[in-house]
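A.B. asks: below are the sequence and a predicted model for it; my questions follow.
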Amino acid sequence: MAGLTQEVKEKLLAALALAEHSIAKAKFKVKDKLNLIDPIRIVPYYGFGNENYVYLKGRVLEDEKVKDDRESNNPATHLKNTFKRYESDEIPGIKLMASFAGQVKEVVTDEEGYFEVEFRTEDRVDYSKTGNKIQLKLLEQKTDNDVLEAEGYVFALGQEVEFGVISDIDDTVLVSNVTHFLGQLKLMLTKNATERSPFPGIAGFLRALGKGSDGQGQNPLFFVSGSEWNLFDLLINFFRSHDIPEGPLLLRDKGTKFDRGTLETSEEEYKQEKIRHILDTFPSLNFICIGDSGQLDSEIYRQMVEEYPGRILGIYIRDVSPDKRDAEVRSIAEQVKEMGTEMLLSADTLEAARHALQMGWINEEQLADIEQECEKDSTR
């Protein structure tokens, strides 16, 4: 795929996904008719909410029994887990019930097995009383051994919040080689959650931003990525293995916009849509955005600066691309600066952290911790 443009690559991948969906749809119909479906379960992803609105996405799948990647360093086990993640058999058109803060919603999974649930209320949600969990229950069964219930976790704003953070994952937090297809494939197939590498110092930088300038804050982190939902558990294990603070992950559906009958939106449009969702959910909160130069994070964040004046405090772009792309990013940085937001193209995490200190977003003690972590991570 080296000579293909990004647009052509995305169209080819979308066409392949469409073909895969057709096969999966036919496979499900046959298995369902012959009662060959394995026990199913609800897979809730992380949700988020404000005082009057709560959102959660999840999926209903056959239970592939993917093991925690931290349990084994065996390459064969990791390959088996990777296959199970991507071969996951979704359950379309099945009803489930979601309950939160006295409200009950019924939803039906789409053709890829996904569901979304939103709770809206005029009364202020008091998370100290309601808790942060949404109760989920299947209203239909496929086998006698189905796991009928699950809990989804909702991230809500704490009391001490200065700003929020929106970060990409691939080649921003996690070394993924997204711009090199074979390198990305090798990492995905051979490295489990504990073996995959974070960029030096990024865990400390995210922790510092999360705690803010006084080190006591509860600034929320959101991760918007082109990675697919099939990798949700691997990414969560990666975060926990490397002490990266967790937050809602907004990942990408593997497939196409079947409900619209069109090919999947571009990654740029997809990310913009998810970031708008975050900004609209927390209208009084400003954000720091983090990405990399390998894809279109600069263009995506520039669009957000235009659409939400004054809401984006700063943008950090990790330099992972050739000089030609660097020139494009610096040009965008100049455009963004004219709109009142600084964008820094940084060679490493430490450069970004020093800038954050100058801006008053982190403190000296946190910078020292990031410096130590950069040294430690670089020797791994």
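C.D. replies: Looks like it arrived, so ask away.

A.B. asks: only C-alpha atoms for contact and neighbour calcs from this point on.
C.D. replies: Noted.

A.B. asks: how close does Met343 sit to Ser284?
C.D. replies: Distance of Met343 to Ser284, given as C-alpha to C-alpha, to the nearest Å: 22 Å.

A.B. asks: out of the two, which sits in the busier spot?
C.D. replies: Met343 (25 against 9; other C-alpha atoms under 10 Å).

A.B. asks: contact partners for that one?
C.D. replies: Residues near Met343 by C-alpha atoms under 8 Å, 6 or more residues apart in numbering: Gly314, Ile315, Tyr316, Ile317, Ala333, Glu334, Val336, Lys337.

A.B. asks: from those, which land in helices?
C.D. replies: Judged by DSSP state H, these include Ala333, Glu334, Val336, Lys337 as members of helices.

A.B. asks: can you flag the buried ones in the residues you listed?
C.D. replies: Ala333, Val336 (16 or more other C-alpha atoms under 10 Å).

A.B. asks: looking at the ones in helices among the contacts of Met343, which one is closest to Asn132?
C.D. replies: Val336 (36.5 Å; C-alpha to C-alpha).

A.B. asks: could you find the closest non-adjacent residue to the closest one?
C.D. replies: Using C-alpha to C-alpha, 6 or more residues apart in numbering and skipping the chain neighbours, the partner closest in space to Val336 is Arg302 (6.2 Å).

A.B. asks: can you tell me the helix or strand for the one you found?
C.D. replies: Assigned by DSSP states H and E, Arg302 falls within helix 297-307.

A.B. asks: please point out which parts of that helix sit buried.
C.D. replies: For helix 297-307, a neighbour-count test (16+ other C-alpha under 10 Å) marks Asp297, Ser298, Glu299, Ile300, Tyr301, Arg302, Met304, Val305 as buried.

A.B. asks: pull the number of nearby residues for Thr379.
C.D. replies: Thr379: 7 surrounding residues under other C-alpha under 10 Å.

A.B. asks: ok, it to Asp123 distance?
C.D. replies: Taken as C-alpha to C-alpha, the span from Thr379 to Asp123 is 52 Å.

A.B. asks: output the contacting helices and strands for the strand or helix carrying Glu365.
C.D. replies: Assigned by DSSP H and E, Glu365 falls within helix 364-378. Applying 3 or more C-alpha pairs under 8 Å, 6 or more residues apart in numbering; DSSP states H and E, one finds that helix 364-378 contacts helix 202-211, helix 349-358.
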